[in-house]
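Colleague: Below are the sequence and a predicted model for it; my questions follow.
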Amino acid sequence: MIAGKRILLGVTGGIAAYKAAYLLREFQKSGASVRVIMTPSATRFIGIETFSSLSRHEVAVEVFNQQAPGDSWTKHIQWGDWADIFVIAPCTANTLAKIVHGESDNMLTSTVLAARCPILLCPTMDGEMYESPAVAENLQKARDLGFYVLEPESGYLASGLEAAGRLPKSENILEESSKIIDKHAIQGPLTGKQVLVTAGPTREFFDPVRFISNPSTGKMGIAMADAARLLGGNVALLHGPVTAEIPDRLNTESFVSADELFEKVKSRLDADVVIMAAAVSDFKAAKTNSQKVKKKNASLTLEMSPNPDILEWLGEQKKPGQILIGFAMETEDLIKNAKSKLDQKNLDWICANSLSEGGAGFGSDTNKITLLGKNFEESFTGTKQEVANQILEKIFPE
Ligand code: C5P
């Protein structure tokens, strides 16, 4: 399955580079997101703007960004981490030779070294070059090093020759990529499951420049999303205006208010697992002022109305087999209150998040959480990521 996957498309400097634009479209039509890295010589065959327009993303070519010094040199690490597969199509004899010798003289070859995802090479060149012993040896070396190689097709080549060397049809590259992604998918208790995670605060605006919110940074929710991904889940992270960094490897969508989050959750009711770690505001302004409220109205009284309780609503709609996991943060009687929320919201599990302990709660890198289920209670401490991993390993054992 290519849908929802991240494809890093490497384009090198052969005449077939123009075909990579069609390949990119085919990946997108199948529901994948694509980012493009070109070698400097590929830009002689097809414009950078063609790929940036089609991928709706910046294209990486140079390791050192001349326009914004200091900006882009870590892309080879970030993009390599982002991708589910790195497809180099077309792959010239020159880039092939560099790859098998571990050279890193441009963004593409550096990313090959940094990437931990599978890499598919589509060697494409003139027939006589393809038949040269050096290319044959390099292709064998590439296979021995663990690269995947899709043989070129035979046919009419740009030089006028009829031989092997053509870029395979997009559908064949897609099929091969899909097989490789499946083979490398993390196998765990959440493999094949859709996991919806919410994180961070909501903002409830009462005039165009002011809102009611809370100090949630989103760290715990992001950690839960990454923990679910490590167990093989197909994770969608809905996040509010978080201050914590979201790893590039997560599929994300943002929200601002509780109402907006509610609409996004409603469109994903088919999730097998829902983890509501967002700190959703219980109240919003009863009326939003379209203009900034003036200071002279100094004794402003803000009338509030309740927000929908999204998790309670999910509990009412719960489909058979769906797992609902909530969070509870209280300033008093944490465990007692969390237990009653577990029943009242029809949840399977609730994570009671301590506010009063040192090294726990909003903004902290560490946490103490008591996981409560039906007749189950266990506490976990550590970094937020460690706690998230422990919680999900307990709920979804191998
Ligand atoms: O009842 P309380 O707000 O303490 O419950 C917290 C849990 O409910 C959290 O998982 C939070 O994400 C969720 N919640 C919600 N909608 C709200 C308020 C909280 O889904 N309006």
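Modeller: Now that the structure is in, tell me what you want to look at.

Colleague: Within range of the ligand, give me the residues from the stretch 251-398 of the chain.
Modeller: Where the stretch 251-398 of the chain comes near the ligand, counting by Cβ under 6 Å from any ligand atom, the residues are 258, 276, 278, 280, 282, 307, 309-311, 326-328, 341. All C-beta spots, glycine's among them, are computed from the backbone N, C-alpha and C.

Colleague: and with 5 Å instead?
Modeller: Within the stretch 251-398 of the chain, the positions near the ligand by Cβ under 5 Å from any ligand atom are 276, 278, 280, 307, 309-311, 326-327.

Colleague: ok, now which ones touch whatever residue of the stretch 101-250 of the chain ends up closest to the ligand?
Modeller: Nearest to the ligand in the stretch 101-250 of the chain, going by Cβ to the nearest ligand atom, is Thr198, at a distance of 6.2 Å. Listed by Cβ atoms under 8 Å, 6 or more residues apart in numbering, the contact set of Thr198 reads 221, 237-239, 261, 265, 275-278, 280, 310.

Colleague: so which of the residues you listed comes closest to Ser33?
Modeller: Ser33 has its nearest neighbour among these in Leu237, at 14.7 Å by Cβ to Cβ.

Colleague: Mind listing residues that contact the helix or strand containing that closest one?
Modeller: According to DSSP states H and E, Leu237 maps onto strand 234-239. For strand 234-239, contacts defined as Cβ under 8 Å, 6+ apart pick out 4, 192-200, 218, 221-222, 225, 228-229, 246, 250-255, 261, 264-265, 268, 271, 278.

Colleague: Over to stretch 41-57?
Modeller: With Cβ under 8 Å, 6+ apart, stretch 41-57 has contacts from 9, 11-15, 17-18, 20-21, 24-25, 28, 34-36, 38, 58-59, 61, 92, 94.

Colleague: Can you tell me which of those end up in helices?
Modeller: 20-21, 24-25, 28, 94 (DSSP state H).

Colleague: Starting from Leu250, give me the distance back to the closest residue to Asp348 other than its chain neighbours.
Modeller: In space, not counting the residues next to it along the chain, Asp348 is nearest to Ile323; the distance is 4.9 Å by Cβ to Cβ, 6 or more residues apart in numbering. Distance, Ile323 to Leu250, by Cβ to Cβ, to the nearest Å: 19 Å.

Colleague: And the helices in the stretch 151-300 of the chain?
Modeller: 170-184, 219-230, 258-266 (DSSP state H, counting those that start in this stretch).

Colleague: Can you tell me which of the ones you listed is packed in deepest?
Modeller: Highest mean neighbour count of the helices of the stretch 151-300 of the chain: helix 219-230, a mean of 26 (counted as mean count of other Cβ atoms under 10 Å).

Colleague: what does the average pLDDT come to for it?
Modeller: Across helix 219-230, pLDDT averages out at 97.

Colleague: Residues in contact with that helix: which ones?
Modeller: 186, 188, 190, 195, 197-200, 235, 237, 239, 242, 244-247, 249-250, 273, 275, 277-278, 327, 353, 363-365, 367, 383-385, 387-389, 391-392.

Colleague: Please verify my assumption that Arg116 contacts Trp79.
Modeller: No. Using Cβ atoms under 8 Å, Arg116 is not in contact with Trp79; the gap is 11.5 Å.

Colleague: just to revisit the earlier point, can you say which of the contacts of helix 219-230 are buried?
Modeller: 188, 190, 195, 197-200, 235, 237, 239, 242, 244, 246, 249-250, 273, 275, 277-278, 327, 353, 364, 367, 384-385, 387-389, 391-392 (16 or more other Cβ atoms under 10 Å).

Colleague: domain ranges for this structure?
Modeller: 6-184, 194-395 (automatic domain parsing).

Colleague: Which residue, other than its chain neighbours, is closest to the residue most central in space within the chain?
Modeller: Taking Cα atoms, centre = their mean as the criterion, Leu250 is the residue nearest the geometric centre of the chain, at 2.2 Å. The shortest distance from Leu250 to any non-neighbouring residue, by Cβ to Cβ, 6+ apart, is to Leu237 (5.0 Å).

Colleague: Show me what the residue of the stretch 101-250 of the chain closest to the ligand bridges to in the sheet.
Modeller: Thr198 forms beta bridges with Leu238, Met276, as assigned by DSSP bridges.

Colleague: And the pLDDT for it?
Modeller: Reported pLDDT for Thr198: 98.

Colleague: again, but for Ala163
Modeller: For Ala163, the predicted pLDDT is 84.

Colleague: Hmm, it is touching Pro152, no?
Modeller: No. The criterion here is Cβ under 8 Å, and Ala163 misses it with Pro152 at 9.2 Å.
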